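Student: Here you go, sequence then predicted model.
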Amino acid sequence: MPFPGVWMTESESMIYRVVPKCACSSIGQIMFYSDHGRYFDGDIHDSRDGLHKWSQDHSQQPIDQAVRGHTALTFTCVRNPYSRILSSFFDKIAGIQRNGKRYRGNLLPQLAQRYGVDVGSPENGFEFDQIASFRRFLLFARDTIRWRRPMEPDIHWSAVSSHVATFIANGGRYDQIFFTEDFDAGMQRALDAAETPVPVDVAQVPRFNESEGHGPKRAHKISEYFDDLSRHLMWEIYKRDFQLFRYDFDDPDRRGPKGEVDLDEIHRKLGE
């Protein structure tokens, strides 16, 4: 059975289902450190050794065996749909990537032509109407997810529940699911429940935000980006995320969840 998006420490102490835009860089670096006592030099997504990844052929057998045998602490991390889709927009659409180029090459010209999205440029200080362009991008994201056009949905704005569900559907089971909004406490609980070769104090871990400083800053509070139509689209795309992970659909500015996740409910509903 395939387990796309799964990372595991080489010591097989922890298994993590990656969810893009949910602190995955920090989690990967913490897992790397928990084995080696040092952080990976660079973006953890670029590592080719020191951390098992399903995308690496040599990692697939050990990951498959550990998942099937449930021999390691297995977890993932989720995020409020409102802040996550905004982060995706400012990073992947409005921002410049680590390689100095726009994300996915011709994506932005296509968004400009078909949806009227304008995100400015480094030359003009990224001056643009953030609210109008974000709402147009949200329509595009809905079209990719609902209709799979003008392209397949991207992993950075596909629903969190969809990422989480593939692991369950293929035979995996989570021990813990915690929130990006309470990252330190959730990550520490996962580490405390695992037997890692190197102890980690999450409070001392630097933040690994690879997109920081490469694009415009968000100029408004979260709720100002979402009018009635935008919120209707959010419910259409992310209804299951709001419900399963207990986020407040009615108050976009309430970042944290209204309660803890119910692991049994998540496995039941996402395993259907």
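Tutor: Received the coordinates, thanks.
Student: all contacts plus neighbour counts: C-alpha atoms, from now on.
Tutor: OK.
Student: ok, Pro122 - contacts?
Tutor: Gly215 (CA atoms under 8 Å, 6 or more residues apart in numbering).
Student: could we number from 555 for the rest of this?
Tutor: With 555 as the first residue, the last one maps to Pro676.
Student: residue boundaries of the strands in the stretch 605-754 of the chain?
Tutor: Counting by DSSP state E, counting those that start in this stretch, the stretch 605-754 of the chain has these strands, from start to end: 605-607, 627-632, 730-733.
Student: Who does the shortest one pair with, and is each partner parallel or antiparallel?
Tutor: Going back to what we said before, that points to strand 605-607. strand 560-563 (antiparallel) (DSSP bridges).
Student: Quick check: the nearest residue to Ser580 once chain neighbours are set aside vs Ala626, distance?
Tutor: Closest residue to Ser580 apart from its sequence neighbours, by CA to CA, 6 or more residues apart in numbering: Phe762 at 5.2 Å. Distance, Phe762 to Ala626, by CA to CA, to the nearest Å: 24 Å.
Student: repeat for Gln742
Tutor: 16 Å.
Student: Likewise for Pro704?
Tutor: 40 Å.
Student: do Ile647 as well
Tutor: Counting by CA to CA, the separation of Ile647 from Ala626 is 36 Å.
Student: do the same with Tyr636
Tutor: 32 Å.
Student: Have a look at these two and say which one is more surrounded.
Tutor: Legend: neighbour count by other CA atoms under 10 Å for Tyr636 and Ala626, higher for Tyr636 (24 against 21).
Student: State the pLDDT value of the more buried one.
Tutor: At Tyr636, the pLDDT value in this model is 98.
Student: Likewise for Ser765?
Tutor: 58.
Student: what does Gly582 give?
Tutor: 98.
Student: list the contacts for it?
Tutor: Applying CA under 8 Å, 6+ apart, we find Gly582 in contact with Trp561, Ile598, His599.
Student: For the first one, list each beta-bridge partner.
Tutor: Which is Trp561. Tyr570, Lys607.
Student: Just give me the neighbour total for it.
Tutor: Each residue near Trp561 was counted by other CA under 10 Å, and the total is 25.
Student: Which residue ranges of the stretch 705-826 of the chain form helices?
Tutor: For the stretch 705-826 of the chain, helices defined by DSSP state H, counting those that start in this stretch occupy the ranges 714-723, 737-747, 782-798, 817-824.
Student: Quick one, which of those helices gets closest to Asn660.
Tutor: Asn660 sits nearest to helix 782-798 of all these, at 24.1 Å, using CA to CA.
Student: Show me what that closest one is packed up against.
Tutor: Using 3 or more CA pairs under 8 Å, 6 or more residues apart in numbering; DSSP states H and E as the contact test, the elements touching helix 782-798 are helix 635-642, helix 684-700, helix 714-723.
Student: As a markdown table, the ones you listed with distance to Pro753 would be great.
Tutor: Below are the helices and strands packed on helix 782-798 laid out as a markdown table (distance: least, CA to CA, whole Å):
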| stretch | distance to Pro753 |
| --- | --- |
| helix 635-642 | 30 |
| helix 684-700 | 40 |
| helix 714-723 | 27 |
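Student: Quick check: buried residues in the lowest-mean-pLDDT helix or strand in the chain?
Tutor: Ranking every helix and strand in the chain by mean pLDDT, DSSP states H and E puts helix 661-669 at the bottom, with a mean of 95. Within helix 661-669, the residues that qualify as buried are Leu662, Leu665, Tyr669, counting by 16 or more other CA atoms under 10 Å.
Student: Closest to Ser687 out of the residues you listed?
Tutor: Distances from Ser687 to the buried residues of helix 661-669, taken by CA to CA, are shortest for Tyr669, at 8.7 Å.
Student: quick revisit: quick one: residues contacting the residue nearest to Ser580.
Tutor: Phe762 neighbours (CA under 8 Å, 6+ apart): Ser579, Ser580, Gln583.
Student: ok, now Phe680?
Tutor: Ala648, Val673, Gly674, Gly769, Pro770.
Student: Tell me the confidence at the first one?
Tutor: pLDDT, the model's per-residue confidence, is 95 for Ala648.
Student: How about the second one?
Tutor: Model confidence at Val673, given as pLDDT, is 95.
Student: backbone phi and psi for it, please?
Tutor: With angles defined as degrees, to the nearest 10, Val673 sits at phi -120, psi 20.
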